[in-house]
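Peer 1: dropping the sequence and predicted coords here.
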Amino acid sequence: MYKPSYGYFIILIFLALGVTACSLSDINTYNNEKTATAKVKQESTGQYPEKRINKAKNVVSADPEPLQNEDFEISYWSHKIDKKTDIKELIHKLGYGEGYDSSNRGYISGNGTYRRWNLSYPNYKDPEIRFVVLSKIELDGEELVDGESYLVGVSLENPKFKTKRGLKTGDTLGKVLQLYGQPSIITNGSLLYSNNGLHLSIQWDTKTEKVNNIFIKYNMEKSIKQQHSADYVDEDDQPNLDLEPYTTQEGQTFTTTLNGWGKVRFVSTLKDEETNDLIQAKFFLEVISKKYVEKKILYEFPEFYGNSGRMIDRIKAVSFKDVNQDGRTDIVIIADYITGVNAHGIETLPVAGIYFQKKDNTYTTLSELDKNINQTGHNRTLQNVIQYVRKQRINVQ
């Protein structure tokens with residue numbers, strides 16, 4: 001009968017140890033995977049907030065490729081849409097969209113020279129996409145028709161349609177930043193990316209931090225210029241020509257009594273976004289009198305300190321007070337300016353400025369004083385500003 005040698009037993013022992021080691025290795029790997037999976041689940045449920053913060057920072061610090069003209073193109077049912085899109089050809093292929101006639105032929109605004117209107121698909125009641133068009137009105141016999149037309153912009157209103165980089169409605173603000181980086185213009189609810197006269201305007205819900213509209217502007221400046229040159233007036237917004245192109249901030253506009261002026265209306269405004277410049281603050285005095293049917297500007301204040309290279313988000317506070325105690329009414333203003341945007345919305349800081357009333361009742365600013373107020377951090381509240389300035393013994397002639 002064969003008897004196994006000692007060498008045989010030694011080989012068996014090594015084989016057993018190898019199997020055991022492999023089993024332990026598999027168990028450790030399995031346990032590590034479970035731990036990693038559990039950690040991911042914990043992070044996703046907010047148990048590791050510092051990780052989420054770092055993730056948000058990484059999103060904001062993303063450095064995507066610079067915008068090219070191609071980034072403003074989109075595809076709609078295999079049709080390439082860009083600045084040169086032929087409107088008549090588009091209509092020939094897609095028609096006018098259901099409800100065109102009952103929606104006053106897509107009318108938005110216009111006059112006897114131009115008509116601004118939209119093509120909405122698949123219908124006007126619940127559109128997925130809208131094409132805004134400017135047409136010159138022509139006479140065909142006794143009928144007014146659309147003559148030369150061009151695409152002003154396109155609005156994406158359904159997540160089935162994406163930008164060239166893959167952005168769609170419903171995406172997060174974080175994804176916007178990841179795809180496009182920091183915008184050229186930021187407001188509390190919209191971001192604007194621009195390149196070579198093309199603009200990508202992204203509207204987002206400040207509560208949900210998600211995109212609710214994407215509007216690509218192809219010929220916006222051209223259309224505005226043409227309409228204004230034809231004495232264009234939007235019937236929904238009769239502008240105050242003296243204040244154009246500013247938008248009144250009603251919450252910080254007040255009726256007050258000022259030395260030398262009597263009862264007036266102090267008007268806070270922000271420069272219109274459509275100019276695609278920095279959004280800046282401007283202040284006026286308007287007359288209050290039954291004699292004038294239209295608003296009449298009495299006085300335009302000097303440049304606000306907070307405008308210096310900054311994008312103003314809002315006028316935060318206004319106070320009419322004799323700050324330097326010379327018997328005249330000074331005006332203290334605090335605004336919020338935008339420092340950037342992150343995955344959770346815009347970032348702002350306060351900026352303060354003071355208008356001192358002179359002996360002739362006009363107003364002036366002291367740039368060095370304004371600079372000191374803001375550099376020392378005495379710009380958080382109106383009381384902050386006033387207390388700081390009263391210690392400086394300011395004398396204005």
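Peer 2: Perfect, thanks for sending it.
Peer 1: use CA for all of it now, contacts and neighbours both
Peer 2: Noted.
Peer 1: tell me which element the closest residue to residue 288 other than its chain neighbours falls in.
Peer 2: The shortest distance from residue 288 to any non-neighbouring residue, by CA to CA, 6 or more residues apart in numbering, is to residue 264 (5.6 Å). Element membership for residue 264 (DSSP states H and E) is strand 262-271.
Peer 1: same question for residue 385.
Peer 2: helix 382-390.
Peer 1: in that helix, which residues are buried?
Peer 2: Residues 382, 385-386, 388-389 are the ones in helix 382-390 that count as buried (16 or more other CA atoms under 10 Å).
Peer 1: again with stretch 160-176
Peer 2: 161-163, 167-176.
Peer 1: coming back round to it: so how many other residues sit close to the residue nearest to residue 288?
Peer 2: When neighbours are defined as other CA atoms under 10 Å, residue 264 has 18 of them.
Peer 1: what of the one 5 residues further on?
Peer 2: The burial count assigned to residue 269 is 22, neighbours taken as other CA under 10 Å.
Peer 1: for it, give the beta-bridge partners.
Peer 2: residue 248, residue 282 (DSSP bridges).
Peer 1: same check on residue 205?
Peer 2: residue 210.
Peer 1: can you get me a residue count around it?
Peer 2: The burial count for residue 205: 17, using other CA under 10 Å.
Peer 1: that one and residue 188 touch, don't they?
Peer 2: No. Using CA atoms under 8 Å, residue 205 makes no contact with residue 188, being 9.2 Å away.
Peer 1: sorry, back to before: I'd like the buried residues of stretch 160-176 as CSV, with distance to residue 144, secondary structure and pLDDT appended.
Peer 2: Formatted as CSV, the buried residues of stretch 160-176 follow (distance: CA to CA, whole Å; DSSP: H, G, I helix; E, B strand; the rest coil; pLDDT from 0 to 100):
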residue, distance to residue 144, secondary structure, pLDDT
161, 34, coil, 93
162, 36, coil, 94
163, 35, coil, 96
167, 39, coil, 97
168, 37, coil, 96
169, 37, coil, 97
170, 40, coil, 96
171, 42, coil, 97
172, 44, strand, 95
173, 44, helix, 93
174, 47, helix, 94
175, 46, helix, 95
176, 43, helix, 95
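Peer 1: just to revisit the earlier point, contacts for the strand holding residue 264 next, please.
Peer 2: By CA atoms under 8 Å, 6 or more residues apart in numbering, the residues outside strand 262-271 that reach it are 245-250, 252-258, 278-288, 312, 314-315.
Peer 1: C-alpha coordinates for stretch 333-343, CSV please?
Peer 2: Extracted as CSV, the C-alpha positions of stretch 333-343 are listed here (Å, rounded to 0.1, in the frame of the first residue of the first chain):
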residue,chain,number,x,y,z
ILE,A,333,-27.5,104.1,0.0
ILE,A,334,-26.5,100.5,0.4
ALA,A,335,-26.6,98.1,-2.5
ASP,A,336,-25.6,94.4,-2.9
TYR,A,337,-23.1,93.7,-5.6
ILE,A,338,-22.4,90.3,-7.1
THR,A,339,-19.1,88.7,-6.4
GLY,A,340,-19.8,85.4,-8.3
VAL,A,341,-22.0,82.4,-8.5
ASN,A,342,-21.8,78.9,-7.0
ALA,A,343,-23.8,75.7,-7.1
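Peer 1: just to revisit the earlier point, buried among the contacts of strand 262-271? Make that a ChimeraX selection.
Peer 2: A single ChimeraX command suffices to select whichever of the contacts of strand 262-271 are buried according to 16+ other CA under 10 Å:
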select :245,246,247,248,252,253,258,278,279,280,281,282,283,284,285,286,287,288,312,314,315
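Peer 1: which of the contacts of strand 262-271 fall within strands?
Peer 2: Counting by DSSP state E, the contacts of strand 262-271 place 246-248, 254-258, 281-287, 312, 314-315 in strands.
Peer 1: how many other residues sit next to residue 391?
Peer 2: Counted with other CA under 10 Å, residue 391 comes out at 9.
Peer 1: and it, how far from residue 181?
Peer 2: 44 Å (CA to CA, to the nearest Å).
Peer 1: ok, residue 155 next?
Peer 2: 21 Å.
Peer 1: and for residue 115?
Peer 2: Residue 115 is 36 Å from residue 181, by CA to CA.
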